[in-house]
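My questions are about this predicted structure, shown below with the sequence.
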Amino acid sequence: MDGPVPVQVDSLVERELSDRGVAQDWRGQARPLVFSFDWDQPGAKVREGHVHPGLEVGLVLRGRIDMTFERAEVACGAGQAWLCGMWEPHAWEIREPGTRSIALVFLPELLAEQPVDAPPYFDLFALPAERRPLVQDPEMRQELAEIGRAIARELRGQKAHWQSMVRLDLLRLLGAHLRAGGAEAAGGIETGAPRDRCKLPQIMPAIKLIRDTPWARITAAEAATRCGVSESTFRDTFKRAMGISFGRFRLSARLAYAAHRLLYTDHTVEAVAGEAGFTDSSHLHRAFRDHFGCSPAAYRSQQVR
């Protein structure tokens, strides 16, 4: 492939997210991990796929990056950001030389730590990729680009409390997307199910369990035990907080993990099926096609590794 060598960040992101000493500060609170990318080579054009267990916000500072999700493509110019859910496969492609971007990857706990009356940031990641708001207002895009440059400066300098400053800027980015979504759709962002974000901290142990072991066949009863509630209460609370059932959330994580193994290993589809907790390759094939719209083999062949 012509152009610069693709930057592989998944192993770094996963290692840091799994290391509580790095992913959390001294109070035990989750904090974002920040990555800066510069593509200054003339004619640079790179396509690279990623999957990781954290939520992601990426902001284009200059140039253009095209994002590809399961069934949606999003073109991001300067001052525009992409949003990516936990264990959600995505690929990016540099479309202009001199492109510069900032990516922040963080644990769901960071959003759950916000006060009850804070904006429902978590809702942004529950939306399908094609429905996530993209900031179009020129003045707001200029403001977001400046926030991104501030994050880049914090990343380079890493002075005292720089991670706290990054957290604040992250919330500003997410808030801008909530505003953009509210302006485009009367009544604000709708996820298709009633939401009660006050319940999010109650189900966070289950979300952590899925994040840390997406391949495991975790039952609702096991997840409920982790959360200290009955299974029926857990199912209802999870649906109200996340907008989807626990079963669907668990299956999505397993499929995303399977997609990750297809991208970053040369293991057979049969082997990947076992690694991702499916009974056999036929089981994975059916679920994968329903979710991604193609077979595991086709998905692997379509991606540039």
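Received the coordinates, thanks.

for this structure, where's the lowest mean pLDDT among helices and strands?
In the chain, no helix or strand scores lower on mean pLDDT, DSSP states H and E than helix 20-23, which sits at a mean of 38.

For residue 106, what are phi and psi?
Its backbone dihedrals place residue 106 at phi -150, psi 160, with angles given as degrees, to the nearest 10.

Do I have it right that it meets residue 174?
No. Here residue 106 lies out of contact with residue 174, judged by CB atoms under 8 Å, at a distance of 10.5 Å. Heads up, the C-betas are built off the backbone N, CA and C, glycines and all.

Map the structural domains onto the sequence of the chain.
Taking automatic domain parsing as the reference, the chain has its domains at 10-184, 197-302.

could I get the ones you listed as TSV with mean neighbour count?
Written out in TSV, the entries for the domains of the chain read as follows (neighbours: other CB atoms under 10 Å):
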stretch	mean neighbour count
domain 10-184	18
domain 197-302	18
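
Compare the ones you listed and say which comes out lowest on pLDDT.
Looking at the domains of the chain, the lowest mean pLDDT belongs to domain 10-184 (a mean of 76).

what's in contact with stretch 251-265?
Counting by CB atoms under 8 Å, 6 or more residues apart in numbering, the neighbours of stretch 251-265 from elsewhere in the structure are 10, 49, 51, 86-89, 210-211, 214-215, 267, 269, 272-273, 275-278, 284, 287-288, 291-292, 296, 299-300, 303, 305.

any idea how far it is from the chain center?
Average the C-alpha atoms of stretch 251-265, do the same for its chain, and the two points are 14 Å apart (CA atoms, centre = their mean, to the nearest Å).

Okay, strands next: where are they in this structure?
For the chain, the strands defined by DSSP state E occupy 33-39, 47-50, 55-62, 64-68, 73-77, 81-84, 90-94, 99-106.

Output the ones you listed as a markdown table; include the columns distance to residue 149.
Supplementary listing: the strands of the chain in a markdown table, determined by distance: least, CB to CB, whole Å:
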| stretch | distance to residue 149 |
| --- | --- |
| strand 33-39 | 10 |
| strand 47-50 | 23 |
| strand 55-62 | 6 |
| strand 64-68 | 16 |
| strand 73-77 | 15 |
| strand 81-84 | 13 |
| strand 90-94 | 19 |
| strand 99-106 | 8 |
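
can you tell which of these is closest to residue 206?
When the strands of the chain are ranked by distance to residue 206, counting by CB to CB, first place goes to strand 55-62 at 16.0 Å.

Please enumerate the helices of the stretch 101-250 of the chain.
For the stretch 101-250 of the chain, helices defined by DSSP state H, counting those that start in this stretch occupy the ranges 109-112, 123-126, 138-157, 162-184, 200-212, 220-227, 231-242, 246-264.

With distance to residue 68 as added columns, please give those in JSON lines.
Conversion of the helices of the stretch 101-250 of the chain to JSON lines gives the following (distance: least, CB to CB, whole Å):
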{"stretch": "helix 109-112", "distance to residue 68": "25"}
{"stretch": "helix 123-126", "distance to residue 68": "17"}
{"stretch": "helix 138-157", "distance to residue 68": "21"}
{"stretch": "helix 162-184", "distance to residue 68": "19"}
{"stretch": "helix 200-212", "distance to residue 68": "23"}
{"stretch": "helix 220-227", "distance to residue 68": "31"}
{"stretch": "helix 231-242", "distance to residue 68": "24"}
{"stretch": "helix 246-264", "distance to residue 68": "12"}
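
To residue 76, which of those helices lies closest?
For those, distance to residue 76 was read as CB to CB. The smallest value, 10.2 Å, belongs to helix 138-157.

Output that closest one as CSV, nothing but the C-alphas.
Coordinates of the C-alpha atoms in helix 138-157 are reproduced here as CSV (Å, rounded to 0.1, in the frame of the first residue of the first chain):
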residue,chain,number,x,y,z
PRO,A,138,-19.1,26.9,10.9
GLU,A,139,-18.6,28.9,14.1
MET,A,140,-19.0,25.8,16.3
ARG,A,141,-16.6,23.9,14.1
GLN,A,142,-14.0,26.6,14.6
GLU,A,143,-14.6,26.4,18.3
LEU,A,144,-14.2,22.7,18.4
ALA,A,145,-11.0,22.9,16.4
GLU,A,146,-9.6,25.2,19.0
ILE,A,147,-10.6,22.8,21.7
GLY,A,148,-8.8,20.1,19.8
ARG,A,149,-5.7,22.2,19.6
ALA,A,150,-5.9,22.9,23.3
ILE,A,151,-6.0,19.2,23.9
ALA,A,152,-3.0,18.7,21.6
ARG,A,153,-1.1,21.3,23.6
GLU,A,154,-1.9,19.6,26.9
LEU,A,155,-0.8,16.3,25.4
ARG,A,156,2.6,17.7,24.4
GLY,A,157,3.2,19.6,27.6
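
I'm done for today, thanks for sticking with me.
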